[in-house]
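1. My questions concern the predicted model and sequence given below.
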Number of protein chains: 2
Amino acid sequence: MTADALSQVFAALADPTRRDMVARLSEGDATVSRLAEPYAMSLQAVYKHLRVLEDAGLVSRPPGPQPRPVRLEVEALDLMDTWIERHRARVERRYRRLDAVLADMEEDEHAQDHRDGHRGRPEAAGHPDGA
Amino acid sequence: MTADALSQVFAALADPTRRDMVARLSEGDATVSRLAEPYAMSLQAVYKHLRVLEDAGLVSRPPGPQPRPVRLEVEALDLMDTWIERHRARVERRYRRLDAVLADMEEDEHAQDHRDGHRGRPEAAGHPDGA
DNA sequence: TGCACTTTCAACCGCATGGTTTACAACGGG
DNA sequence: CCCGTTGTAAACCATGCGGTTGAAAGTGCA
């Protein structure tokens, strides 16, 4: 819990076993013993993995009668997705601006004048595309 | 290296410093010393982080004259995004099916009145199919 | 040439992690 | 009531990781 939420989620998903658990849980809830079946490790190890996923908020274990199910919580995936999309969007915006600059240079090449200066930072024009 | 690509990317992003580096690089390339400025750690530590990001494919260091720039590679983000979206989509598909079942049960409830206290959860209806 | 900066390599420390084993508390059904 | 399954907890071990320091190459420039 010491680490921030995002770090916990990324760290939880950095393990192939845990990723496989999440993948299988995305098909539906499961009991722990059922979840553990495919893995060549002790049940306790599976509980430990589950604990990590739970601390990361990726999974919940609703209380109730004995074989408590394990349920995937989609909000944690959303958290990561938001982070990734934000930065990917920035990179792609930069790419578009770069394309624009490149296009300008091509035009300049055609116009071959001695009009050199004033190319400061291309930080303009919020294009209202994408959204 | 031994770990699969996905594990490497998730692990790389599980560190706040590395995540901050990626965030800043999404605004544009930077030299290592420039990148290192905000952090209270040795330059070598920064190089180590960079190495992790590079091994994960999140970053590249195009060769050339001395202060080689650090460049964000967006493909690794795409890799993660694909994984996340796939499983999130599955969960949401299940939710929609569940909503359908719940809707059916509601119809039944109307048909045969309630012979028992409402043990169901208060959040019955929800979004029909929205986005 | 020499100096400063960049980059990498290696050893080391403390701590977290993935796994084991052992033990033990609850719960549920025969 | 006992027994098997379920769930936690603890000690332990090997490995990896984030950080340090120290040292050494490579590179650019005055």
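-> Looks like it arrived, so ask away.

2. Pull the contacting residues for residue A:43.
-> Residue A:43 sits next to A:32, A:33, A:36 when contact means C-beta atoms under 8 Å, 6 or more residues apart in numbering or on different chains. All C-beta atoms are positioned from the backbone trio N, CA, C, and that covers glycine.

3. how close does it get to residue A:17?
-> 13 Å (C-beta to C-beta, to the nearest Å).

4. quick check: angle from the helix or strand of chain A with the lowest mean pLDDT to helix B:74-112?
-> Lowest on mean pLDDT, DSSP states H and E among the helices and strands of chain A sits helix A:74-111, with a mean of 83. Counting by axes from the mean of the first three to the mean of the last three C-alpha atoms, to 10 degrees, helix A:74-111 lies at 140 degrees to helix B:74-112.

5. Check whether stretch A:44-57 comes near chain B.
-> No - using C-beta under 8 Å from any C-beta of the partner chain, stretch A:44-57 stays clear of chain B, coming no nearer than 10.1 Å.

6. ok, and for that stretch, which residues are buried?
-> A:46, A:49, A:50, A:52, A:53, A:54, A:55, A:56, A:57 (16 or more other C-beta atoms under 10 Å in any protein chain shown).

7. Same check on stretch A:72-84?
-> A:72, A:73, A:74, A:76, A:77, A:79, A:80, A:81, A:83, A:84.

8. For DNA strand C, state which of the residues you listed is nearest.
-> residue A:76 (15.7 Å; C-beta to the nearest atom of the strand).

9. what's the single longest strand in chain A?
-> Ordering each strand of chain A by length in residues (DSSP state E) puts strand A:69-72 first.

10. State the mean pLDDT of stretch A:22-29.
-> The pLDDT scores in stretch A:22-29 average 96.

11. That stretch spans what distance, first to last residue?
-> Between the start and the finish of stretch A:22-29 there is a gap of 10 Å, counting by C-alpha to C-alpha, to the nearest Å.

12. is chain B contacted by it?
-> Yes - against chain B, stretch A:22-29 shows contacts by C-beta under 8 Å from any C-beta at A:22, A:23, A:26, A:27, A:28.

13. Likewise for stretch A:9-21?
-> Yes - judged by C-beta under 8 Å from any C-beta, stretch A:9-21 comes into contact with chain B at A:10, A:11, A:13, A:14, A:15, A:16, A:19.

14. So which residues make contact with that stretch?
-> By C-beta under 8 Å, 6+ apart, stretch A:9-21 touches A:3, A:22, A:35, A:38-39, A:41, A:49-50, A:52-53, A:55-59, A:76, A:79-80, B:3-4, B:6-7, B:10-11, B:13-14, B:19, B:83.

15. ok, which residues in chain A are in contact with chain B?
-> A:3-4, A:6-7, A:10-11, A:13-16, A:19, A:22-23, A:26-28, A:72, A:74, A:77-78, A:80-81, A:83-85, A:87-88, A:90-92, A:94.

16. Just the buried ones among these, please.
-> A:6-7, A:10-11, A:13-15, A:19, A:22, A:26, A:72, A:74, A:77, A:80-81, A:83-84, A:87-88, A:90-91, A:94.

17. Just the ones in strands from the buried residues of stretch A:44-57, please.
-> Going by DSSP E, the strands hold none of those.

18. about what we covered before: tell me the one among the residues of stretch A:9-21 next to chain B nearest to DNA strand C.
-> Nearest to DNA strand C among the residues of stretch A:9-21 next to chain B: residue A:15, at 4.2 Å, using C-beta to the nearest atom of the strand.

19. Against residue B:69, how distant is the closest one?
-> 32 Å.
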